[in-house]
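Asks: give me the fold of what follows.
(one chain, ligands or ions: 2)
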Amino acid sequence: MRNEGILIVVSGFSGAGKGTLMKRLVEAYDGYALSISATTRKPRPGEEEGREYFFLSREQFEKRIADHALIEHAEYCGNYYGTPRDYVEKELSEGRDVILEIEIQGALKIKEQYPDALLLFVSTPDAAELRRRLSGRGTETQEVIQKRLCRAAKEAGGIEAYDYIVINDDLETCVKELHGIIRAAHHAPGRNEAFIEKMRRELEGKQIEN
Ligand code: ADP
Ligand code: 5GP
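Replies: Ligands and ions are numbered 1, 2, ... in the order given. As a prediction, the model looks like this:
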């Protein structure tokens, strides 16, 4: 039985492969809606306005905060990042599972507002692979890579707040695991209250009949 979609938060160290995984997940399976965040960071080569992010100036971003147009926002390595409210609420109400690929401060704010959100943390198998992927992506300067690795060390302290960890070693295996976890979450009793209620009513009716 399907009612509202699940709000899924995916966090993980920069370079762990979150963006790559989310792209594959929505290609491979139906029913997911990927939220596009707003940010004040500059676009990387190949990134497009409205596809990877909505790229805003600091003034534009602060106006969104003041207008309550973001359900959460955070500062990460010197830039603002935030989740637009309208898209998330609309997609959830239409029964789609909405994925937010956001960092840990944002994830915790989402958990406060949406206690039923499913929090997933993506990691590489080890730190050396993280450094390799971050450098191999070739989109950041050494200085920014260093900042992001520092930040990763801090984020490692918050992993216990998440519901599940997924290790992105082989990409396709990891995509299947992510999808499996999300499918399983749909079967939690808390997400099937209408069904439980219906069964209880029917069973009570049966007792009266006999
Ligand atoms: P994030 O969004 O977490 O910062 P990206 O999705 O940009 O990470 O991935 C970082 C780099 O690692 C990219 O160059 C990407 O192609 C590569 N990558 C992602 N997943 C894997 C994987 N399973 N195996 C090897 N390389 C990967
Ligand atoms: P990047 O600059 O590599 O695209 O993203 C940097 C970090 O910001 C990543 O950890 C990413 O998950 C996070 N991020 C992206 N969008 C949002 C958002 O809307 N809110 C928050 N809190 N973090 C975000």
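Asks: for the protein, which residues are neighbours of ligand 1?
Replies: Residues of the chain found near ligand 1 (Cβ under 6 Å from any ligand atom) are 12, 14-20, 133, 136-137, 168, 171. C-beta: built from backbone N, CA, C; applies to glycine.
Asks: those residues in strands, which ones?
Replies: Gly12 (DSSP state E).
Asks: buried among the residues of the chain next to ligand 1? Need that as a selection in ChimeraX.
Replies: Per 16 or more other Cβ atoms under 10 Å, the buried members of the residues of the chain next to ligand 1 correspond to this ChimeraX selection:
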select :12,14,15,16,17,18,20,133,168
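Asks: inside helices: which ones of the residues of the chain next to ligand 1?
Replies: Per DSSP state H, helices hold the following members of those: 18-20, 133, 136-137, 171.
Asks: widest-spaced pair of the residues you listed?
Replies: Lys18 and Gly136 (15.2 Å; Cβ to Cβ).
Asks: quick one: the helices in this protein?
Replies: 18-28, 58-66, 85-93, 104-113, 127-137, 142-155, 171-185, 193-209.
Asks: columns mean pLDDT on top of those, output as JSON lines?
Replies: Output for the helices of the chain, formatted as JSON lines (pLDDT from 0 to 100):
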{"stretch": "helix 18-28", "mean pLDDT": "96"}
{"stretch": "helix 58-66", "mean pLDDT": "98"}
{"stretch": "helix 85-93", "mean pLDDT": "95"}
{"stretch": "helix 104-113", "mean pLDDT": "95"}
{"stretch": "helix 127-137", "mean pLDDT": "94"}
{"stretch": "helix 142-155", "mean pLDDT": "92"}
{"stretch": "helix 171-185", "mean pLDDT": "98"}
{"stretch": "helix 193-209", "mean pLDDT": "87"}
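Asks: can these go into TSV with extra columns for distance to ligand 2?
Replies: Putting those into TSV (distance: least, Cβ to the nearest ligand atom, whole Å) gives the following:
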stretch	distance to ligand 2
helix 18-28	6
helix 58-66	11
helix 85-93	10
helix 104-113	2
helix 127-137	9
helix 142-155	8
helix 171-185	15
helix 193-209	29
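Asks: same list, the ones you listed, but as TSV with distance to Lys42 please.
Replies: Output for these, formatted as TSV (distance: least, Cβ to Cβ, whole Å):
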stretch	distance to Lys42
helix 18-28	16
helix 58-66	12
helix 85-93	23
helix 104-113	20
helix 127-137	15
helix 142-155	11
helix 171-185	27
helix 193-209	45
